[in-house]
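[1] Got a predicted model here, sequence first, then my questions.
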Amino acid sequence: MKGRDIKKKNKINPDQWDQYMPDLIDKLCSAKNDVRMIAIETILDFFKNRFIGDDFLPFAEKVYESLKDSIFRKELKNEQESALNLICVLSMNLGIEFEEHANEFVRTILTYVKEIGPNELNRFFAVAFLTRFSFNNEESCQVVLERLLTILNNKRSRPADFNDDYFIAIIESLSIVITCISHENFFTQNYDNTTQLIDNILEEKLEIVYPSLLRLIALISEKMTLYEESPSCNSFNESQSFISRYKSQISEIESRDNNLLQIIEDTISYLDGGNISEQYLINGNEVWISGHSKKTIISAIHKVCGGHIIEQLEKNVRLQWELDLPYKLPIGSLRVKTSLIQNAEKTSPSKKKINK
């Protein structure tokens with residue numbers, strides 16, 4: 001099929017997106033920044049209000065290869081942000097079919113992590129997002145998690161300009177990756193290094209980092225509780241000690257920031273046995289998505305697709321399986337992360353955001 005040429009973005013018919021892709025791929029390789037930007041934004045627009053999924057596979061490799069220059073050239077900040085957003089969209093739509101490219105991207109970023117500047121922190125989010133949605137091997141996810149923990153806990157592993165903004169970006173990325181690690185593996189391999197991180201930040205009183213840190217504490221508390229309830233847990237019995245220890249420290253935090261005070265209150269309520277839930281209308285059903293692991297995943301999807309999250313939740317079967325939502329396609333109709341289905345975390349729904 002002969003591709004259509006793109007002269008003006010506003011004349012494109014998004015329902016015929018595939019006919020424009022050959023010309024768009026050519027424009028992604030243009031020497032002109034403005035031409036590349038229009039091509040990236042046009043492809044992103046194709047994914048708004050529609051789920052493309054595996055239909056994009058014939059174009060995925062060429063698009064990824066064409067985006068490398070936009071992603072890795074430091075002087076192209078605005079273009080880099082749009083390019084990173086696009087590879088996250090591709091990861092969310094293609095899942096493990098995008099794994100080869102996701103592996104290459106993550107490996108490259110983490111190899112040169114010391115060169116990441118303060119204006120490039122969205123690279124950490126992209127690393128976590130592609131790990132979460134396109135890695136099909138928990139060992140590979142574990143490598144990413146350990147690398148992020150090393151950057152946070154070992155000053156020699158950090159970029160030269162490391163500051164509180166790095167802490168926030170990497171902790172939020174860490175939380176995303178933790179959601180694809182089994183409860184047992186997290187507590188046998190990562191628990192000590194993660195609590196070391198929490199202790200260091202609380203000791204240094206890095207208030208600007210607290211919102212991200214408190215969400216991480218709640219996430220670990222949830223994983224700990226679920227692990228102790230699982231048949232595979234024979235001797236681990238630390239959840240109450242963990243909750244008591246950090247609830248006490250969180251209660252002592254003083255701040256004039258009303259947003260932080262609300263997060264503190266919500267976190268303490270959750271550690272006291274509360275539940276966190278959000279309601280969505282998905283495929284005609286009112287669905288409550290509960291728990292901090294699922295909340296973390298939903299927040300990451302929000303960041304990538306903004307107001308178009310419902311289209312993903314209604315039509316992206318991979319997400320539906322991972323979030324335990326009503327789905328339309330029969331099992332076996334596409335490849336999914338089997339490890340994530342096995343580790344699906346179910347919590348009782350509540351009609352309040354946080355309810356005791």
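    Thanks, I have the structure now.

[2] Tell me if I'm right that Asn193 and Leu148 touch.
    No. Look at Asn193 against Leu148 with C-beta atoms under 8 Å: they stay out of range, at 9.9 Å. Where C-beta positions appear, they are placed from N, C-alpha and C, glycine not excepted.

[3] Tell me which of these two has more neighbours.
    Leu148 (28 against 16; other C-beta atoms under 10 Å).

[4] Show the contacting residues for the more buried one.
    Shown in contact with Leu148 (C-beta atoms under 8 Å, 6 or more residues apart in numbering): Phe124, Ala128, Ile170, Ser173, Leu174, Val177.

[5] Quick check: what element follows the host helix or strand of it along the chain?
    Assigned by DSSP states H and E, Leu148 belongs to helix 138-153. Using DSSP H and E, the helix or strand that follows helix 138-153 in sequence is helix 164-178.

[6] just to revisit the earlier point, next, format the contacts of Leu148 as a markdown table and append pLDDT.
    Below are these laid out as a markdown table (pLDDT from 0 to 100):
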| residue | pLDDT |
| --- | --- |
| Phe124 | 97 |
| Ala128 | 98 |
| Ile170 | 96 |
| Ser173 | 97 |
| Leu174 | 97 |
| Val177 | 97 |
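
[7] Ends of stretch 25-36, what's the gap?
    Criterion C-alpha to C-alpha, to the nearest Å; first-to-last residue distance in stretch 25-36 is 9 Å.

[8] how far out from the middle of the chain is the helix holding Leu148?
    How far helix 138-153 lies from its chain's middle: 14 Å, per C-alpha atoms, centre = their mean, to the nearest Å.

[9] Please apply the same query to stretch 254-269.
    24 Å.

[10] residues near Thr111, how many?
    Quick note: Thr111 (other C-beta under 10 Å) scores 10 neighbours.

[11] for Thr188, that is, sorry about that
    For Thr188, the neighbour count with other C-beta under 10 Å is 12.

[12] for Thr108, same thing?
    Thr108 has 14 nearby residues by other C-beta under 10 Å.

[13] Neighbours of the closest residue to it other than its chain neighbours, how many?
    Spatially, and ignoring its direct neighbours in sequence, Thr108 is nearest to Phe72 (7.4 Å; C-beta to C-beta, 6 or more residues apart in numbering). Applying other C-beta under 10 Å, we find 16 residues neighbouring Phe72.

[14] Quick check: Phe72 vs Ile109, distance?
    Phe72 sits 9 Å away from Ile109, going by C-beta to C-beta, to the nearest Å.

[15] which residues of the stretch 1-150 of the chain score low on pLDDT?
    Residues of the stretch 1-150 of the chain meeting the criterion pLDDT under 70: 1-11.

[16] So which residues of it form strands?
    Here the stretch 1-150 of the chain has no strands by DSSP state E, counting those that start in this stretch.

[17] Would you map the helices across it?
    In the stretch 1-150 of the chain, the segments counted as helices under DSSP state H, counting those that start in this stretch are 17-28, 33-46, 57-72, 77-94, 99-111, 122-134, 138-153.

[18] One more: the stretch 251-356 of the chain?
    258-271, 292-305, 309-315, 317-322, 338-342.

[19] would you list those helices in CSV and tack on mean pLDDT and distance to His101?
    Below are the helices of the stretch 251-356 of the chain laid out as CSV (pLDDT from 0 to 100; distance: least, C-beta to C-beta, whole Å):
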stretch, mean pLDDT, distance to His101
helix 258-271, 93, 36
helix 292-305, 93, 16
helix 309-315, 85, 20
helix 317-322, 84, 16
helix 338-342, 38, 19
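
[20] Are any of the contacts of Leu148 buried, and if so which?
    Those of those that meet the buried threshold are Phe124, Ala128, Ile170, Ser173, Leu174, Val177, by 16 or more other C-beta atoms under 10 Å.

[21] okay, those residues in a markdown table with distance to Val209 next?
    Below are the buried ones among the contacts of Leu148 laid out as a markdown table (distance: C-beta to C-beta, whole Å):
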| residue | distance to Val209 |
| --- | --- |
| Phe124 | 14 |
| Ala128 | 17 |
| Ile170 | 10 |
| Ser173 | 13 |
| Leu174 | 12 |
| Val177 | 18 |
